[in-house]
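Student: Got a predicted structure plus its sequence, pasted below:
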Number of protein chains: 2
Amino acid sequence: MGRHKEFNRDEAVTTVMNEMWEHGYEACSAKALSEKLGITRSSFYNAFGSREKLFEEIIQNYNGPKTNRDWFLINETSSVLKSISQTLQRFCRARVNDPAARGCLFINSITELVSKNDQLDPVVKDNFSTNVAYLESILTVALERGEIEKCDLRIKALALQSVLISLNVLSKVVRDEDELWATTKHSLQALGVYKE
Amino acid sequence: MGRHKEFNRDEAVTTVMNEMWEHGYEACSAKALSEKLGITRSSFYNAFGSREKLFEEIIQNYNGPKTNRDWFLINETSSVLKSISQTLQRFCRARVNDPAARGCLFINSITELVSKNDQLDPVVKDNFSTNVAYLESILTVALERGEIEKCDLRIKALALQSVLISLNVLSKVVRDEDELWATTKHSLQALGVYKE
DNA sequence: GAAATAGTGTACACTTATGTACAAAAAATA
DNA sequence: TATTTTTTGTACATAAGTGTACACTATTTC
């Protein structure tokens, strides 16, 4: 019952995601976003509640579902290390090929929001924990399959998360794909999680 | 000749540095900074020209002189790897002990300004290049002293820069000194640049 | 068709922020 | 003391941004 929205909500969320990815959260005012979407602020607030709530929706969307954050496309047959290596190589390519050099929305948000925005700080931290837990889970699989040596998997997961962080930050400055990948590969090999 | 400033310029630069470190560049408006300094915007513009010029001054100040960026306190006698390890351990402690979890002003600025602020993008990139060159130079010393194996020092320097980046980003989220240092140490050991 | 419901447009009453212009004030030099 | 130089305070004109209130419009259900 009631009047229909004059815009597609899902499309709008995607548009806002790209705006926040490119310009950062704080640079995206309700006014600017509303104008970008071609709606009034009135409709914006009605549809999304607030910028904060919208960000929460966007970051969940960006990172994928909490229970199944399958970035590395791990399956039963192929090597876990191979999946990690191939995925990070794809990331290097994607980040360098992005003309706006946006890096990663989530990692940008750590720098911009943690300990700066009281409402979103816990959201970002929660997403971070989920990420590290995911990395630890795939390293556990790698260990079970004998692909890596026994070690503190929590620390190894944090070290792998570190490679992801620096790859994304570095990609804003190192705009040569070969150089970015050589650096990432060097780190992966050092950590013993690289496989051709 | 002429009237004296009613504030200490150097003190003001330090105050603004801390404001930008804590809140980020864009969050520090000319109005907000002027009020923080207890001066009028008129005096602010007169003394610093613009927010951009002031940032340039601050980041040079923060990173230290271009020709002598001696963060790792390398000297003729002690081990280069030991200096690196001890310095990064000090960084872990400092970052976790910072109640505002500000991370590193320079690394925060990469995320906030590169490809977003036309005027400051080249300033940040230039500082980055200087940093990597510095890291490569100390790795060269380490190689000459037989502390590391022969390899592509440019890539090794970028990998070491990666550890610095992730340590600083990670420190906003990983608030336990032992865990942060364990992760950093693990990465340094993997890269073959750790020494007790 | 009337009632209920949900989205839209306009207005309000702010606050923040920009950079410049110009007069007034203070200090050094001539 | 008069002149020059620099800093400071106030004002201007304008744009961006906040969240809410309320009438208006479109749509569905009864």
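Tutor: Happy to help now that I have it.

Student: Quick one: residues contacting residue A:116.
Tutor: Contacts for residue A:116 (CB atoms under 8 Å, 6 or more residues apart in numbering or on different chains) come out as B:23, B:24, B:27. C-beta: built from backbone N, CA, C; applies to glycine.

Student: What is the neighbour count of the first one?
Tutor: This means residue B:23. Other residues near residue B:23 number 15, with proximity taken as other CB atoms under 10 Å in any protein chain shown.

Student: With adjacent residues omitted, what lies nearest to it?
Tutor: The spatially closest residue to residue B:23, leaving aside those adjacent along the chain, is residue A:116, at 6.8 Å (CB to CB, 6 or more residues apart in numbering or on different chains).

Student: before we move on, what SS does the one you found have?
Tutor: coil (DSSP: H, G, I helix; E, B strand; the rest coil).

Student: Show me the domain layout of chain A.
Tutor: A:9-58, A:64-191 (automatic domain parsing).

Student: Can you get me a residue count around whichever residue of chain A sits closest to DNA strand C?
Tutor: At 1.8 Å from DNA strand C, residue A:2 is the closest residue in chain A, using CB to the nearest atom of the strand. By other CB under 10 Å, 4 other residues sit near residue A:2.

Student: coming back round to it: please identify the most buried of the domains of chain A.
Tutor: Among these, domain A:64-191 has the highest mean neighbour count (mean count of other CB atoms under 10 Å in any protein chain shown), at a mean of 18.

Student: Tell me if it is near DNA strand D.
Tutor: No. Applying CB under 7 Å from any atom of the strand, one finds domain A:64-191 separated from DNA strand D by no less than 10.5 Å.

Student: start to end distance for that domain?
Tutor: 26 Å (CA to CA, to the nearest Å).

Student: With DNA strand C in mind, check whether it reaches it.
Tutor: No. Applying CB under 7 Å from any atom of the strand, one finds domain A:64-191 separated from DNA strand C by no less than 14.1 Å.

Student: on that earlier part again, angles on the backbone of the residue of chain A closest to DNA strand C, please.
Tutor: Per-residue torsions, residue A:2: phi 100, psi 170 (degrees, to the nearest 10).

Student: Would you tell me which helix is longest in chain A?
Tutor: If you go by DSSP state H, chain A has its longest helix at helix A:121-144.

Student: Residue A:141 touches residue A:74, doesn't it?
Tutor: Yes. Using CB atoms under 8 Å, residue A:141 is in contact with residue A:74, at 6.4 Å.

Student: List the residues that are in contact with both of those two.
Tutor: Both residue A:141 and residue A:74 are in contact with residue A:80, where contact means CB under 8 Å, 6+ apart.

Student: what ranges do the helices span in chain A?
Tutor: Taking DSSP H, the helices of chain A run over residues A:9-23, A:30-37, A:41-48, A:51-63, A:80-97, A:105-113, A:121-144, A:153-170, A:177-191.

Student: can you pull the alpha-carbon coordinates of the third one into PDB?
Tutor: Taking only C-alpha atoms (Å, rounded to 0.1, in the frame of the first residue of the first chain), the coordinates of helix A:41-48 have been written out as PDB:
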ATOM      1  CA  ARG A  41      16.800  15.100   0.700                       C
ATOM      2  CA  SER A  42      13.400  14.400   1.900                       C
ATOM      3  CA  SER A  43      13.200  11.200  -0.200                       C
ATOM      4  CA  PHE A  44      16.800  10.300   0.800                       C
ATOM      5  CA  TYR A  45      16.100  10.400   4.500                       C
ATOM      6  CA  ASN A  46      12.800   8.600   4.000                       C
ATOM      7  CA  ALA A  47      14.400   5.800   2.100                       C
ATOM      8  CA  PHE A  48      17.700   5.400   4.000                       C
END
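
Student: how far off helix A:9-23 does that helix point, in degrees?
Tutor: 100 degrees (axes from the mean of the first three to the mean of the last three CA atoms, to 10 degrees).

Student: Give me the helices and strands touching helix A:41-48, please.
Tutor: Secondary-structure packing of helix A:41-48 (3 or more CB pairs under 8 Å, 6 or more residues apart in numbering or on different chains; DSSP states H and E): helix A:30-37.

Student: quick one: is the helix it packs on near DNA strand C?
Tutor: No. Between helix A:30-37 and DNA strand C, judged by CB under 7 Å from any atom of the strand, nothing touches; the nearest distance is 9.2 Å.

Student: who's in contact with stretch A:166-174?
Tutor: By CB under 8 Å, 6+ apart, the list of residues contacting stretch A:166-174 from outside reads A:88, A:91-92, A:95-96, A:98, A:101, A:103-104, A:107-108, A:180, A:183-184, A:187, B:107, B:110-111, B:114-115, B:124-125, B:128, B:158, B:161-163, B:165-166, B:169.

Student: CA-only coordinates of it in CSV, if you can.
Tutor: The C-alpha coordinates for stretch A:166-174 follow below in CSV (Å, rounded to 0.1, in the frame of the first residue of the first chain):
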residue,chain,number,x,y,z
SER,A,166,49.2,-2.6,2.0
LEU,A,167,48.3,-3.8,-1.5
ASN,A,168,45.2,-1.6,-1.5
VAL,A,169,46.9,1.5,0.0
LEU,A,170,50.0,1.0,-2.1
SER,A,171,47.9,0.8,-5.3
LYS,A,172,47.0,4.5,-4.9
VAL,A,173,50.7,5.3,-5.3
VAL,A,174,52.3,2.4,-7.2
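
Student: so how far is it off the chain centroid?
Tutor: In terms of CA atoms, centre = their mean, to the nearest Å, the centre of stretch A:166-174 is found 14 Å from the chain centre.
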